[in-house]
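# need a 3D model of the following:
(chains A, B and C)
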Amino acid sequence: MLPIEGKIFLLLLIGITVYFFTKRAQYLISLLKLGKAEDRSDNSGERLRFTLGQVLTQACALKNVTGKDLAGIGHMLLFYGFSFFVVSYGFHIAEGFYEKLNPSLFGEAFNNGFFFLLDLAGLVVIVSVIWAAIRRYVVRPERLVPSLEAGIILIVVFCLMILSFMTEGFRFLAEPEPFTSGAFVGKFFAGMLSGMGLQAHVHTLFMGTWFLHMMIVFGFGIYILYSKHLHVLASHPNLYFHSTRPKGTLQPIKDFESAESFGVSKVTDFSWKQLLDLYACTECGMCSANCPANNSGKPLKPKDVIINLKHNLFENGNNLLTKKEGEEEPLIVGSVVTHDEIWDCTNCMACMEVCPVAIEHVDKLDDMRRYLVLMESNFPAEVQTVFRNMENNSNPWGMGMATRADWAKDLGVKILSEAPGEFDILFYVGCAGSFDDRYKKVSRAMVKIMQAAGINFAILGTDEKCCGDSARRIGNEYLFQTMAQENIEIFKNYNVKKVLATCPHGFNVLKKEYPQFGAEFEVIHHTELILDLIKNGRIKLKGELAKTITLHDSCFLGRYNDIYQPPRQILNSIPQAKLVEMDRIQKTSFCCGAGGGRMWMEELRGKKINEVRTEEALTKNPDLIATACPFCLTMFEDGLKAKNADEKVKVLDIAEFVANHLL
Amino acid sequence: MNIVVCVKRVPDTETKIKIGGEGTKIDPAGVEFIISPFDEFAVEEAIRIKEKLGKGEITILSLGPADAQTIMRKAYAMGADKGTHLNDATECQDTLAEAQALAAALKGMQFDLLLFGKQAVDYDNGAVGVQVARLLNIPVVSRIIKLDVADGKATVERESDMGKEVVEVKLPAAFTAEKGLNEPRYPKLMDIMKAKKKPLEEKPAQLEAPKLTIVKMDYPPARPPGKIVGQGEESVPALVNLLKNEAKAL
Amino acid sequence: MGNNVLIFAEQMGGKFRSVAYEAICQGKKMAQGLGGKAIAVAIGGGVEAVAKDLGQYGADKVIVVDNAKLKDFTVDAYGKAFSEVVSKNDPAVVLLAATFQGKDLGGYASAALGAPLSSDCTEWASQDGGIQVKRPIYAGKAYVTVKFNSQPAVISLRPKVFLPDAPDASKSAEVEKIDLALSDDDFRSVVKEIITKTAGKIDVTEADIIVSGGRGLKGPEGFVVLEELAGLLGAAVGASRTVVDEGWRSHSDQIGQTGKVVSPKLYIACGISGAIQHLAGMRTSKCIVAINKDPEAPIFSTADYGIVGDLFKVVPALTAEIKKTIG
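So this is what the prediction gives:
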């Protein structure tokens, strides 16, 4: 299609583009290589299926669509529309060198259909770009920060579409035999342009707009690698290399003896995948929008953590690559990511649940905690008491460990430390269930339920130890592993096959993190067990509960383990109980504020997360709030007191609801 | 500045004490042993002085059973440099004999400061620091809450019944640490790892025959269960009476 | 082998303290059992004038070491003086009060004389011609009965356990004044300053008594009633976390898992429900009093004594009652 000069110019353009693209891509890859090794080569088939599934169906963007936030649909339109254009650019370039290499190669019908769809896609892209611009600059939702980059990209994309239509228009005018009848927008442009007296110059104008169009396309291709639109390329590998570990599990530190440092303090302490996360970030802000710390006015905004790390990586990139042996590398802990941000995280995983491109925020923050705790011994002062209490008495409150099984006295419970025996289920009571007067009632409720169902269960008694979840989440991996190994040993000695836990933190860590250290036993949560017992008719519920109940999803039960339905089904099986859902539930449930070891820390910044959540619950005017976690229970009881609603509204564990209504 | 800190391995303060077979000792089964908390203040203070002065050596001295080395390693992890374990398989119960054995070991050591906790939270006599100082003929101030070292002198603060005393002491001297002296650190993991490799010398404790004998060990009378004294302000006189005469808390 | 009991008569500012009378009364009883005398030892600057009064409590004789240099207590100087008196008198028992001074001197004398020592004794008995004592160990979680195998035995008595008999004004003691040569070596430690206790705010971690308030106080102004009680008792005022969160009290007063961990002799919890996060900070207090309007409040299961009622009525009544009883 092009004259020889044009072909040379196009070749030159391609050459320049390939040069800059490759150079930048190599640079980006070399930065990734600064990261630590991490094996993500497993399950390649599954990874590919996941990635294609997410991208092609746009499930990644659509999963966050709600009545209030339709932006995911906009992304889908833009994605499909622009993808069509990417294909068309292939044809354009090919056609530049040899005019037969265009869609008509596949027949007239294909050709017309292709251009019809392309023009349609162009309109869709224009609509979605305008929509995006209105959102960013007029509506301004909190999660989006208007940026120059975003503006440039929207304008460029908009111009590309218009140029594309103009090129088609001029082409209609310049070519005696129209290249297609499908390009209806192009035809419309041709009609407009024809009346402007440009007939003498239409060929030149066609070539001009064509080249301008292509130059912008090539320029855009390079710009992508320099801007936040890096996600257009980086999100795919990031989805491919997503974590296939059990959901929400932290990676163990494998070697305490010979390692020279622990955790993350410098950018190169991250793994290459953690750095790839930074490239993949779309800056959509869904993570921050769902973050309890951010929503309660704290410094932590997960998106900012990722973006600041990315900017820092790019700013220091050259220095890092040319750094000589022995030269100090700048710390990111305390500067790029502040201590407040690191300690504000409740590990609730809301950020990761909504992230469209599989970024692992919590792991990064917890890795930085590991550095602070293990290398610097630098953590909120009140945490030291918790560590010591766990070390000396194996519970965070420091209650005497000899009193661990006192709650079970006179209940007829098999206590293994006093008399070993046969049992089907080991009831791992946990620290709250053993020592907290309030949660001991839940332990007793569970005993009542299991006795009513005729389950042969036992407790470890004074041989039970703290699960160590808080130690791990606070960053004391050494203490955690010591505790985990000790527990696993005890479980083995008693030949434990199946464990029941009431505390979702104990449940999660025993079920999903202990296997990292050789644990081989089944773990169930009490809501799962109770639901089974109801379904199998092993327990029957009586009486009526003509009350309005709202249910709070514990993060470590819900997001970490996808256990959303059992508590709901249990409540619904109590006659007359009226379950009213809160606005934020299940996957986007809002944390109580106590996860990630926050239970043991002062909440000095922003509003109290538990009060924010309690306010949300109170908008539903419940008589009762149902939880299935000792931390959530405490946080709600405190929240109700703070809101002076503790006389009117009570908090009960699911087990208590059931125990109160046993036949 | 060379500092020697004497530490003792004691049961954790939350331990439920069970009296052992012969009725004169506790049953150590299931007991978590720790550095006596007041000794930990002493270790922390030694490390802070060393950090402040930028030089010096901290030696840990501990008299106790073989397992005492575990808590010595904890002091190492906090920052102590080396130590001597005076092995006592007899579980000596005589404070004076222990002080004499410690003093005998200390006679061969060079130090400017000798630090103790104000008492070991097992036998709670609170005498060893003063006893050792007297046996070594060095000055001693007990229960200090502040310690400054300069020019061969130490200026310390301590609580007394009259208020707070500021005492100036010529070095070498001994001090016993009271709660409030500092907040002991939580060791860094690297230091815990390094602690395993620091030198630890083991010697038998030179214990003389005890000059006292524990005839028996008893449990205290059971703490009466909590009681609701009454309703409203009418029950206040009864409460005050109980606080004064039963609990002896007023 | 002596059979006397030598008793350290502790004084402060030239006046004997009640613990000195407690020790002398018990020392006299021990001496009677041993067939010896009760000899009190008074050390200080300007103690001679009051020394003979010790006879009223049962001292047969008072040895006085009066020296201007001994105005302030230091264990080095007092210890030297005391041990010399002890070794000259060859007693069967050296008796002190288990106060700060008494424990220091006991340790010093024990080392100087090679004498066995038992601190903080709460019971004693004559046995086989000697004295046996009973004393708490492991912070009172067990008691030991101790027999001494050599003389003298250095014994300190827990204050306020043995109450002194009423003084008998008809009795007086022979006073023997001793001059001791004190060298510079005995003053390697010197008291430079004594900062007397002021009425200012007491830190919760240092207080023997804590009056603590929770949400039941209804607002920062509610703490006035607690301040009054605390002022009377010389107590610190503590607070629960919710109260600190509300901004009614400062964070430095917060008691609990994430605040200060305290263990006072007496803890008075007013309007505090007693959730585990609070209990973790105060449950090792020796005596816990709870005042709460909710009879179901968990604090009552931890408290030694509880009153169910309106704290705004109970606490002022308590202040008035204590004022009346103790003065």
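
# poorly predicted segments of the stretch 51-200 of chain C, please.
C:197-200 (pLDDT under 70).

# what about the strands in it?
C:61-66, C:93-97, C:117-121, C:123-127, C:130-137, C:142-148, C:153-157, C:174-177, C:189-196 (DSSP state E, counting those that start in this stretch).

# with chain A instead?
All strands of chain A, identified by DSSP state E, fall at A:414-415, A:425-428, A:457-459, A:498-501, A:522-525, A:548-551, A:578-579, A:624-627, A:650-653.

# want to throw the ones you listed into a markdown table with mean pLDDT and mean neighbour count?
(Each C-beta comes from the backbone N, C-alpha and C, glycine too.) Shown next, in a markdown table, are the strands of chain A (pLDDT from 0 to 100; neighbours: other Cβ atoms under 10 Å in any protein chain shown):
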| stretch | mean pLDDT | mean neighbour count |
| --- | --- | --- |
| strand A:414-415 | 96 | 19 |
| strand A:425-428 | 98 | 23 |
| strand A:457-459 | 97 | 23 |
| strand A:498-501 | 98 | 20 |
| strand A:522-525 | 98 | 20 |
| strand A:548-551 | 97 | 20 |
| strand A:578-579 | 95 | 16 |
| strand A:624-627 | 97 | 24 |
| strand A:650-653 | 97 | 22 |
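
# follow-up on the earlier one: and the strands of the stretch 51-200 of chain C as TSV, adding mean neighbour count?
Converted to TSV, the strands of the stretch 51-200 of chain C look like this (neighbours: other Cβ atoms under 10 Å in any protein chain shown):
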stretch	mean neighbour count
strand C:61-66	22
strand C:93-97	30
strand C:117-121	27
strand C:123-127	15
strand C:130-137	21
strand C:142-148	20
strand C:153-157	29
strand C:174-177	14
strand C:189-196	15
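
# how about those strands, which one is nearest A:Gln384?
Nearest of those to A:Gln384, taken as Cβ to Cβ: strand C:130-137 at 27.7 Å.

# any idea how far A:Phe106 is from A:Glu464?
Remark: distance between A:Phe106 and A:Glu464 (Cβ to Cβ, to the nearest Å) = 70 Å.

# what residues are up against the closest residue to A:Met192 other than its chain neighbours?
In space, and not counting its chain neighbours, A:Met192 is closest to A:Gly169: 7.1 Å by Cβ to Cβ, 6 or more residues apart in numbering or on different chains. Listed by Cβ atoms under 8 Å, 6 or more residues apart in numbering or on different chains, the contact set of A:Gly169 reads A:186-190, A:192-193.

# can you select the buried ones from those in ChimeraX?
The buried subset of those, as determined by 16 or more other Cβ atoms under 10 Å in any protein chain shown, is captured in ChimeraX by this line:
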select /A:186,187,189,190,193
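
# ok, the residue in chain C sticking out farthest from the centre to C:Ala239 distance?
Within chain C, C:Glu246 marks the point farthest from the mean C-alpha position, 36.9 Å out by Cα atoms, centre = their mean. Computed as Cβ to Cβ, the C:Glu246 to C:Ala239 distance reads 10 Å.

# does any bit of the longest strand seen in chain B sit next to chain C?
If you go by DSSP E, chain B has its longest strand at strand B:140-150. Yes: for a cut-off given as Cβ under 8 Å from any Cβ of the partner chain, strand B:140-150 has contacts with chain C, namely B:140-143.

# kindly report the same for stretch B:94-102.
Yes: Stretch B:94-102 lies within reach of chain C by Cβ under 8 Å from any Cβ, at B:94-96, B:99.

# pretty sure B:Val167 contacts C:Val190?
Yes: in this structure, B:Val167 is within contact of C:Val190 by Cβ atoms under 8 Å, at 6.7 Å.
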